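A.B. asks: Following is a predicted model, sequence given first.
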Amino acid sequence: MAENIETASYDALVIGAGIAGGEAALNLANNGFKVLLVEKDLSIGGKMILLSKVFPTLDCSACITTPKVSEISRHPGIKIFTGTEVKKIQKKSENNFEAIVVKAPRYVIEEDCTGCQLCEQACPVVVRDQYQYNLVGRKAAFIPFSIASPRVAAIDIENCTLCGACEKVCPTKCIDFTMEAVEHHVNIGTVIVATGFRLFDPLKIPRYGYGLYKNVLTSMEMERQLAPTRPFNTVLRPGDGKVPDKLAYVLCTGSRDATVGNPICSQICCMYSIKQAQLLMGALPMADVTIYYLNIRSFGKGFEEFYEQAKGMGVNFVKGKIGKITEKENGNLILRYEDINESVVKESEHDMVILSVGVMPNPDAGGFFGEGELKLDPFSFVHQTDLLGSPPETSIRGVFVAGTASGPMDIPDSILSAGAASSEAISYLNRKQ
Amino acid sequence: MEAEKGKTYKYLREKREVSEAAKENLKNFTRVKKSILEALKEGDMTIDQLAQKLNMPSSEVVYFLMTLIKYGFVQTGAIDDMDEYFSYKLKQ
């Protein structure tokens, strides 16, 4: 590693290139500051770039994200490191932080790759595609997804058999297996933590049968099935390829549930489930969609109208708590639930169940700094020390938080939060000058 | 070892062993791909028919078949009278 150390200076380090991190980096760069934007994944855009549509407007998510991502990628004031992890950040003094970031080898010279996908065609290896939530395969030499930024190939070295097929067909000779990890030591003036969130792992609720019953999906798996760049030709059951016609949503899967360690509301699940229900009724006009809920929290602008619109379209809303899901021999699923309005236990059969999984904290956020320096709140999101006066401030002066790293929120609120974080960061940087 | 441009995989082969899991995964995909394509040579089939013919779980057939569609080996055919199951055929 010693010969692979590079040093550089930037005004700001933004950790996480989802919609919040990207927005914060763009604001800083538009104000003349040099920004290093670090993303762990192979593409910027976060979770939003993988969504089908957004609520409550039903605008195409990719159509909103891609121009923004393109602007971030081409901005001369922003240096982007994808496939890169922040190992350590140390505050030396005010406006003076030192960070160590490690860029993993992509085995492709990014500047030379044209995204022609000839390597992908030549590669004989197929593994499950994490960007399609494992519903379909991808190659070991692959472009993460069609609207990825950078739209550059990468080699999945863990699954690569080093056959050389990709290298032989590459017209620009940009595949380079001699690449090694590079450690960057960077001096920076301020840090924005925009590490986003993790989705709740439904394996923690075994009674819902996720992983065991193939026709029990997560909401993100359904999101991919509804996206234009979907894994199947239409919405299909992963268990047997049947076109479903009786679908159920289970809200609050891993939210408002202290037994799984997440007692708070995830704020987005009601609305994204209602959005998906509307999209499903468009994709499968004959389908029945039922949403099992505890409370519908349609608190935002236009949300209540969106909920009413779903009811008007024929989405069935049942106030009920799911006790258990079991599978029939034909792959259909029996939901045993308490009908809260009637106070009776009922059963209903569906051919596909979607678990509306909640928002969990990203544990990476606390680990960048010395132990306990960046304080977390009781739910393990980044603690906001002055929530009402200055929401982006954290326990470290000069380190700000943006987006869902501080707690569950929807896309507009994430962008607002990023605007606030970048304003505070600019103010902090200017105080020095 | 000096790596020749366009043949750098040889360089990494010297330094790193390909895992048994990766080799096994490649073998398995190649085998399943061959058997699905052979089966579809006999005519259009649904996922259930393929699963029975290949003695594989339907969920595995869905995964492999959709991957073969993605990479242009197979295409989606007609849907049955109940609008439930598509048939699949070799891409012409």
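C.D. replies: Here it is on my side, so go on. Numbers count the residues shown, from 1 in each chain, chains lettered A, B, ... in the order given.
A.B. asks: Compute the distance between A:F368 and A:D240, please.
C.D. replies: 45 Å (CB to CB, to the nearest Å). C-betas here are computed from N, CA, C, even on glycine.
A.B. asks: got it, and A:S298?
C.D. replies: Going from A:S298 to A:D240 by CB to CB gives 35 Å.
A.B. asks: Compare the two and say which one has the larger neighbour count.
C.D. replies: A:D240 (22 against 18; other CB atoms under 10 Å in any protein chain shown).
A.B. asks: Now the more buried one. Nearest residue, chain neighbours left out?
C.D. replies: B:S58 (4.0 Å; CB to CB, 6 or more residues apart in numbering or on different chains).
A.B. asks: just A:G209 next, same as before
C.D. replies: A:I325 (4.7 Å).
A.B. asks: counting contacts, what elements does the helix or strand hosting A:E424 pack onto?
C.D. replies: Element membership for A:E424 (DSSP states H and E) is helix A:411-432. In terms of contacts (3 or more CB pairs under 8 Å, 6 or more residues apart in numbering or on different chains; DSSP states H and E), helix A:411-432 is packed against strand A:5-15, helix A:19-30, strand A:182-193, strand A:399-401.
A.B. asks: Now do B:E2, the pLDDT please.
C.D. replies: pLDDT recorded at B:E2 is 69.
A.B. asks: ok, A:P56 touching A:G300?
C.D. replies: Yes: the pair A:P56 and A:G300 qualifies as a contact (CB atoms under 8 Å) at a distance of 7.4 Å.
A.B. asks: Give the residues shared as contacts by these two.
C.D. replies: Both A:P56 and A:G300 are in contact with A:M271, where contact means CB atoms under 8 Å, 6 or more residues apart in numbering or on different chains.
A.B. asks: residue of the stretch 301-433 of chain A with the smallest distance to chain B?
C.D. replies: The stretch 301-433 of chain A approaches chain B most closely through A:G331 (7.9 Å), counting by CB to the nearest CB.
A.B. asks: Need the per-residue pLDDT for that residue.
C.D. replies: The model reports A:G331 with a pLDDT of 97.
A.B. asks: any idea how far the residue nearest the centre of chain A lies from chain B?
C.D. replies: In chain A, the centroid-proximal residue (CA atoms, centre = their mean) is A:K47; its distance is 2.7 Å. Note on A:K47: its distance to chain B, by CB to the nearest CB, to the nearest Å, is 22 Å.
A.B. asks: Wait, that residue touches A:G18, no?
C.D. replies: Yes: judged on CB under 8 Å, A:K47 makes contact with A:G18 at a distance of 6.3 Å.
A.B. asks: what's the overlap in contacts for the two?
C.D. replies: Once CB under 8 Å, 6+ apart is applied, the residues that A:K47 and A:G18 both contact turn out to be A:G196.
A.B. asks: pLDDT at A:G314, what is it?
C.D. replies: 96.
A.B. asks: burial of it, as a residue count?
C.D. replies: A:G314 has 11 neighbours, counted by other CB under 10 Å.
A.B. asks: How about the secondary structure of the closest residue to it other than its chain neighbours?
C.D. replies: What sits nearest to A:G314 in space, not counting adjacent residues and going by CB to CB, 6+ apart, is A:M281, at 6.7 Å. Three-state call for A:M281 (DSSP: H, G, I helix; E, B strand; the rest coil): helix.
A.B. asks: how about the helices of chain B, start to end?
C.D. replies: For chain B, the helices defined by DSSP state H cover B:8-15, B:20-41, B:47-54, B:58-70.
A.B. asks: List the buried residues of the second one.
C.D. replies: When you say that, I think you mean helix B:20-41. Under the neighbour-count criterion of 16 or more other CB atoms under 10 Å in any protein chain shown, helix B:20-41 has B:A22, B:N25, B:L26, B:F29, B:V32, B:K33, B:S35, B:I36, B:A39, B:L40 buried.
A.B. asks: Against which helices or strands is it packed?
C.D. replies: Against helix B:20-41 (3+ CB pairs under 8 Å, 6+ apart) you get strand A:126-128, helix B:47-54, helix B:58-70, strand B:74-79, strand B:86-90.
A.B. asks: winner for burial among these?
C.D. replies: Of all the helices and strands packed on helix B:20-41, helix B:58-70 has the most neighbours on average by mean count of other CB atoms under 10 Å in any protein chain shown, namely a mean of 22.
A.B. asks: so how far is that helix off the chain centroid?
C.D. replies: Centroid displacement of helix B:58-70 relative to its chain, using CA atoms, centre = their mean, to the nearest Å, is 7 Å.
A.B. asks: tilt between it and helix B:47-54?
C.D. replies: Computed by axes from the mean of the first three to the mean of the last three CA atoms, to 10 degrees, the angle separating helix B:58-70 from helix B:47-54 equals 110 degrees.
A.B. asks: now what about helix B:58-70, what contacts it?
C.D. replies: Outside helix B:58-70, the residues that touch it by CB under 8 Å, 6+ apart are A:126, A:128, A:135-137, A:214, A:231-233, A:236-241, A:331, B:29, B:32-33, B:36-37, B:47-48, B:50-51, B:54, B:74-76, B:88.
A.B. asks: So in chain B, where's the weakest helix or strand by average pLDDT?
C.D. replies: Least confident helix or strand, chain B: helix B:8-15 with a mean of 93, by mean pLDDT, DSSP states H and E.
A.B. asks: Quick check: A:T178 touching B:Y11?
C.D. replies: Yes: in this structure, A:T178 is within contact of B:Y11 by CB under 8 Å, at 5.4 Å.
A.B. asks: Now the common contact residues for the two.
C.D. replies: Residues within reach of A:T178 and of B:Y11 at once, by CB under 8 Å, 6+ apart, are B:A3.
A.B. asks: Next to chain B in this structure, residues from the stretch 301-433 of chain A, please.
C.D. replies: Taking CB under 8 Å from any CB of the partner chain as the contact definition, the stretch 301-433 of chain A meets chain B at A:G331.
A.B. asks: what are the ranges of the helices in the stretch 301-433 of chain A?
C.D. replies: A:303-313, A:411-432 (DSSP state H, counting those that start in this stretch).
A.B. asks: other SSEs contacting the first one?
C.D. replies: Using 3+ CB pairs under 8 Å, 6+ apart as the contact criterion, the neighbours of helix A:303-313 among helices and strands are helix A:269-283.
A.B. asks: and the helix it packs on, how far from the chain's centre?
C.D. replies: The answer for helix A:269-283 is 18 Å, by CA atoms, centre = their mean.
A.B. asks: give me the low-pLDDT residue ranges for the chain?
C.D. replies: Let's take chain A. Residues of chain A meeting the criterion pLDDT under 70: A:1-3, A:432-433.
A.B. asks: wait, chain B
C.D. replies: Looking at chain B by pLDDT under 70, you get B:1-2.
A.B. asks: rerun that using 80 as the cut-off
C.D. replies: By pLDDT under 80, the low-scoring segments of chain B are B:1-3.
A.B. asks: Hmm, A:L247 and A:T290 touching each other?
C.D. replies: Yes: with contact defined as CB under 8 Å, A:T290 reaches A:L247; the gap is 7.3 Å.
A.B. asks: shared neighbours of the two, anything?
C.D. replies: Between them, A:T290 and A:L247 share the contacting residues A:H350, judged by CB under 8 Å, 6+ apart.
A.B. asks: For those two, indicate the residue with more neighbours.
C.D. replies: A:L247 (26 against 20).
A.B. asks: Just grab the bridge partners of B:T46 for me.
C.D. replies: B:S87 (DSSP bridges).
A.B. asks: what number of residues lie near it?
C.D. replies: 21.
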